[in-house]
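Undergrad: Fold the stuff below for me.
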Amino acid sequence: MSAANEVQHETVLWSGRVQGVGFRYTTLQLAREFDVAGYVQNLPDGRVRVEVEGDAPEVNGFIGAIEERMHGFVRTVERTSQRRAPQFAGFTIR
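TA: Purely as a prediction, here's the structure:
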């Protein structure tokens, strides 16, 4: 596969008071403002996971928008990124 067929993929784990505060819904709304695909989900340990892919500027803008909108609820953010073939269509809540 050529690099031209790859997208930026990020796994982001948010911790703090991130469940029960509209985090997933806000993330879904923000995803509509960017050309990204993936999902957001609550984890059993109280964190929220975002899996997102797209062009790097769109992915970074989207994550930055989440950080800006939800900053009062977030204690830590863990990000891992890679280039890979696209795996998602659309953005959903799981």
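
Undergrad: tell me the SS of Glu33?
TA: coil (DSSP: H, G, I helix; E, B strand; the rest coil).

Undergrad: Contact partners for it?
TA: Applying Cβ atoms under 8 Å, 6 or more residues apart in numbering, we find Glu33 in contact with 62, 65. Bear in mind the C-beta positions are built from the backbone N, C-alpha and C, glycine included.

Undergrad: Quickly note the distance from it to Arg83.
TA: 23 Å (Cβ to Cβ, to the nearest Å).

Undergrad: again, but for Ile93
TA: From Ile93 to Arg83 the distance is 26 Å (Cβ to Cβ).

Undergrad: Glu10 now?
TA: Distance from Glu10 to Arg83, by Cβ to Cβ: 11 Å.

Undergrad: mind listing the strands in this protein by residue range?
TA: 7-16, 36-42, 48-54, 74-84, 91-93 (DSSP state E).

Undergrad: So what's the gap between the longest helix along the chain and the chain middle?
TA: In the chain, assigned by DSSP state H, the helix with the most residues is helix 56-70. Between the mean C-alpha location of helix 56-70 and the chain-wide mean there is a distance of 8 Å, by Cα atoms, centre = their mean, to the nearest Å.

Undergrad: residues in contact with the closest residue to Gln19 other than its chain neighbours?
TA: Spatial nearest neighbour of Gln19, chain neighbours left out: Asn42 (5.2 Å); criterion: Cβ to Cβ, 6 or more residues apart in numbering. Residues in contact with Asn42 (Cβ under 8 Å, 6+ apart) are 19, 24, 48.

Undergrad: State the mean pLDDT of stretch 34-47.
TA: Averaging pLDDT along stretch 34-47 yields 98.

Undergrad: next one: stretch 8-15
TA: 98.

Undergrad: Show me the residue at the heart of the chain, geometrically.
TA: For the chain, the residue sitting closest to the mean C-alpha position, by Cα atoms, centre = their mean, is Val50 at 3.6 Å.

Undergrad: In contact with the spatially closest residue to that residue that is not a sequence neighbour, which residues?
TA: Of all residues not flanking Val50 in the chain, Val12 sits nearest, at 4.4 Å (Cβ to Cβ, 6+ apart). Contact analysis of Val12 by Cβ under 8 Å, 6+ apart lists 49-50, 52, 63, 66, 77-79.
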